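S.K.: This is the structure alone, sequence omitted:
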C-alpha cells in the first residue's frame, strides 16, 4: 500500500512539473491596437496603442513590429524592449536573439545583453536573413554581415558576392563560386579559404565542413586550422 501511495505521489509531481514547464512557454494574443503576452510568472502584460503589422513568438521571447518601431518581450526578465526609427520588412526569433531587417539595414535584440543593436554602416539590399540560437547574419548581393554576440556588434565583409550561407551558434560561413569566408566568434575575425569552389557546407558547434567536387575542407575553431580530405 505504501509503495502504491509513493508511486501515485511521484506521478502527481511529474504531472505538476510538466504542467509548469509547459506554462513557461510564452503565449501571445494580438489584435488591431493591442498585444497581450501571457507571462507565466506575472500573468498578462499588455502593450497598448501598438498596431503590429508582424509578430513572432518563441519559447521565451515575443517580437512585434510595425512600420515605425519594434519591440520584444522576454518572460525571463519581464520587460518590453523597444527600437524606434526602424521599419522592419520581417523578423525572426530564437531562444536568445530576435532579428528584424529593412531592405538595407538589420538589427538584433540580444537577450543576454538586454539591448537592441542595429547595423551602423552602409550595405546593399538584404537577400537572405539567418538566425541561430545565439547569432544572426544576413547576406546581400555583395556582402556578408554577421552579429558577433561576444563583441555585441555587427561585422561586415564586402566584395564576396555570396551564393549561399550557413549559420551556427559560434561560426558563420558564406561562399561564392570560388571561395569560402568564415566568421569565427572565438577569434572575432574572418577566415578565408580561397580557390576551392564550394558546393555545400555542414555546420557543427565549433567545426564546419565545406564540400567541393573532390574534397572536404574542414575548419576547426578549437585549433583555428584547416584540414582537407578526399571526398
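M.R.: Cool, got the structure. Worth saying up front: this structure is predicted, and the values here are computed from it rather than measured.
S.K.: Just want the most central residue of the chain.
M.R.: The geometric centre of the chain, computed from its C-alpha atoms, lies nearest to residue 131 (CA atoms, centre = their mean), at 3.2 Å.
S.K.: Tell me what that residue is bridged to.
M.R.: When bridges are called by DSSP bridges, residue 131 pairs up with residue 136.
S.K.: My read is that residue 212 contacts residue 197, right?
M.R.: Yes - with contact taken as CB atoms under 8 Å, residue 212 and residue 197 are classed as touching, separated by 5.4 Å. Yep, even glycine has a C-beta here, placed from its N, CA and C like the rest.
S.K.: Double-check that residue 76 belongs to a strand.
M.R.: No - counting by DSSP: H, G, I helix; E, B strand; the rest coil, residue 76 is not found in a strand; it is coil.
S.K.: Next, the contact list for the closest residue to it other than its chain neighbours, please.
M.R.: Using CB to CB, 6 or more residues apart in numbering and skipping the chain neighbours, the partner closest in space to residue 76 is residue 60 (5.5 Å). With contact taken as CB atoms under 8 Å, 6 or more residues apart in numbering, residue 60 is in contact with 26, 74, 75, 76, 95, 111.
S.K.: cool, residue 66 as well?
M.R.: With contact set as CB under 8 Å, 6+ apart, residue 66 has these partners: 50, 51, 52, 53, 54.
S.K.: In strands, which of those fall?
M.R.: Within the contacts of residue 66, residues falling in strands by DSSP state E are residue 54.
S.K.: Mark which of the contacts of residue 66 are buried, thanks.
M.R.: Neighbour counting over those (16 or more other CB atoms under 10 Å) leaves 50, 52, 54 as the buried ones.
S.K.: Quick check, the first one in contact with residue 33.
M.R.: Yes - contact status for residue 50 versus residue 33: in contact at 6.9 Å, counting by CB under 8 Å.
S.K.: related to what we said a few turns ago, starting from residue 216, give me the distance back to the residue nearest to the centre of the chain.
M.R.: Distance of residue 131 to residue 216, given as CB to CB, to the nearest Å: 26 Å.
S.K.: Repeat that for residue 200.
M.R.: Distance of residue 200 to residue 216, given as CB to CB: 10 Å.
S.K.: just for the chain, where's the confidence low?
M.R.: Counting by pLDDT under 70, the chain contains low-confidence residues at 1-25.
S.K.: OK, contacts around residue 118?
M.R.: With contacts defined as CB under 8 Å, 6+ apart, the neighbours of residue 118 are 83, 86, 105, 106, 107.
S.K.: so can I have TSV of the residues you listed showing distance to residue 122, neighbour count and secondary structure?
M.R.: As requested, those are arranged in TSV below (distance: CB to CB, whole Å; neighbours: other CB atoms under 10 Å; DSSP: H, G, I helix; E, B strand; the rest coil):
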residue	distance to residue 122	neighbour count	secondary structure
83	19	20	strand
86	16	20	coil
105	9	20	strand
106	12	24	strand
107	15	21	strand
